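> sequence unknown, structure follows:
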């Protein structure tokens, strides 16, 4: 029998949000849900840390431009090195550069490496495969740039949370099949959705009361409207051999917990290099809840240290 241990700050936070008298996000129009999610983020996440260099940029893509934001904890760099490309979460429906500004800044400062956070077209306005198309196009463009803002890079590390973790895995698989100008050498998949074809026990176990609910997951999938059988939607059912080293991070009170566990296990069975981290007593989404959940700051520090270890393996 698995433990349902819950951290005190997580319990306080869940008691608060579960007691709110307001419509659930899945009962709103997508635009209204995005606005509500952004307001919630402003209350629950920490403000962005100071950083030495921060610039917005636009990435050309086949289906229109992609907004992105570049961060660097160093004012300048003399040598080429790794570049982290971060892909935000939000169920393929929510999230943007601003709601993940604090997270991207913390990742740059915490690893000491430059980060590009990329946006992508959101469902239901742009259903699958718009999101993976945009992420792959952005990665190929980034790989083709000899430098960005005078900073050269020689390899790419991918990172993402939730839907962004899924898109990071899918993008790495696409670039494995048809390589870009630079290699992807590490992936951080934070509470990923890797199998949209079935419901796992954790989906039932944490169906209600843990912020990410079964009904919200259903709405996300309905908006995204993917081919659940395709590896670009369910990468856990794709070919996993040949992927770069992966840090798979899960939360013990997350409906997606079992998907993350199964994905890490499948990677090992295919001979992959995997680090698995399971944050005990916390919920899905802690990366952007670090004001509401002070304990999440230790989770982030631990994961960034692990991710930097993978990046430095080369």
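Nice, thanks for sending it over. Just so it is clear, the structure is predicted and the values come from calculations on it, not from any experiment.
> can you pull the contacts of residue 123?
Applying CB atoms under 8 Å, 6 or more residues apart in numbering to residue 123 gives the contacts 30, 92, 93, 130, 131, 220, 223, 224, 225. From N, CA and C alone the C-beta is placed, and that goes for glycine too.
> Quick check: residue 43 touching residue 289?
No. Counting by CB atoms under 8 Å, residue 289 is not a contact partner of residue 43; they are 9.9 Å apart.
> Same drill for the two, tell me which one is more crowded.
Using other CB atoms under 10 Å, the more surrounded residue of residue 43 and residue 289 is residue 289, with 24 against 9.
> and the nearest residue to the more buried one once chain neighbours are set aside, how many neighbours?
Spatial nearest neighbour of residue 289, excluding adjacent residues (CB to CB, 6 or more residues apart in numbering): residue 44 at 4.9 Å. Residues near residue 44, counting by other CB under 10 Å, number 18.
> same check, this time on residue 223
21.
> contacting residues around it?
30, 91, 92, 93, 123, 124, 127.
> Pick out the most distant pair among those.
Of all pairs drawn from these, the greatest distance, 12.5 Å, lies between 91 and 127 (CB to CB).
> Report the set of residues contacting both of those two.
What both residue 91 and residue 127 touch, as defined by CB under 8 Å, 6+ apart, is the set 223, 224.
> Would you mind telling me which of these two has the busier surroundings?
Applying other CB under 10 Å to residue 91 and residue 127 shows that residue 91 carries more neighbours, namely 24 against 17.
> ok, the more buried one touching residue 217?
Yes. Between residue 91 and residue 217 there is a contact at 7.5 Å, judged by CB under 8 Å.
> So what sits opposite residue 159 in the bridge?
Counting by DSSP bridges, residue 159 forms beta bridges with residue 86, residue 188.
> where's it relative to residue 62, distance?
Applying CB to CB, to the nearest Å, the value for residue 159 to residue 62 is 24 Å.
> Residue 90 too?
Separation of residue 90 from residue 62 (CB to CB) stands at 23 Å.
> The two - which one has more neighbours?
Of the pair residue 90 and residue 62, residue 90 is the one with more neighbours under other CB under 10 Å, namely 23 against 7.
> what residues are up against the nearest residue to the more buried one once chain neighbours are set aside?
Distances taken as CB to CB, 6+ apart place residue 163 nearest to residue 90, at 5.9 Å, with adjacent residues excluded. Residue 163 makes contact with 88, 89, 90, 91, 92, 95, 131, 193, 220, according to CB under 8 Å, 6+ apart.
> repeat for residue 112
Counting by CB under 8 Å, 6+ apart, residue 112 has contacts 73, 74, 308.
> Just the buried ones from those residues?
Among those, the ones that count as buried by 16 or more other CB atoms under 10 Å are 73, 308.
> Relative to residue 235, which of the contacts of residue 112 is nearest.
In terms of CB to CB, no member of the contacts of residue 112 lies closer to residue 235 than residue 308, at 23.6 Å.
> now for the helix or strand bottoming out on mean pLDDT in the chain, which elements pack on it?
The weakest-scoring helix or strand in the chain, judged by mean pLDDT, DSSP states H and E, is strand 147-148 (a mean of 92). If you count contacts as 3 or more CB pairs under 8 Å, 6 or more residues apart in numbering; DSSP states H and E, strand 147-148 packs onto no helix or strand.
> all helices of this structure, in order?
With DSSP state H, the ranges of helices along the chain come out as 8-18, 30-44, 101-111, 130-144, 163-177, 201-205, 214-224, 257-269, 296-311.
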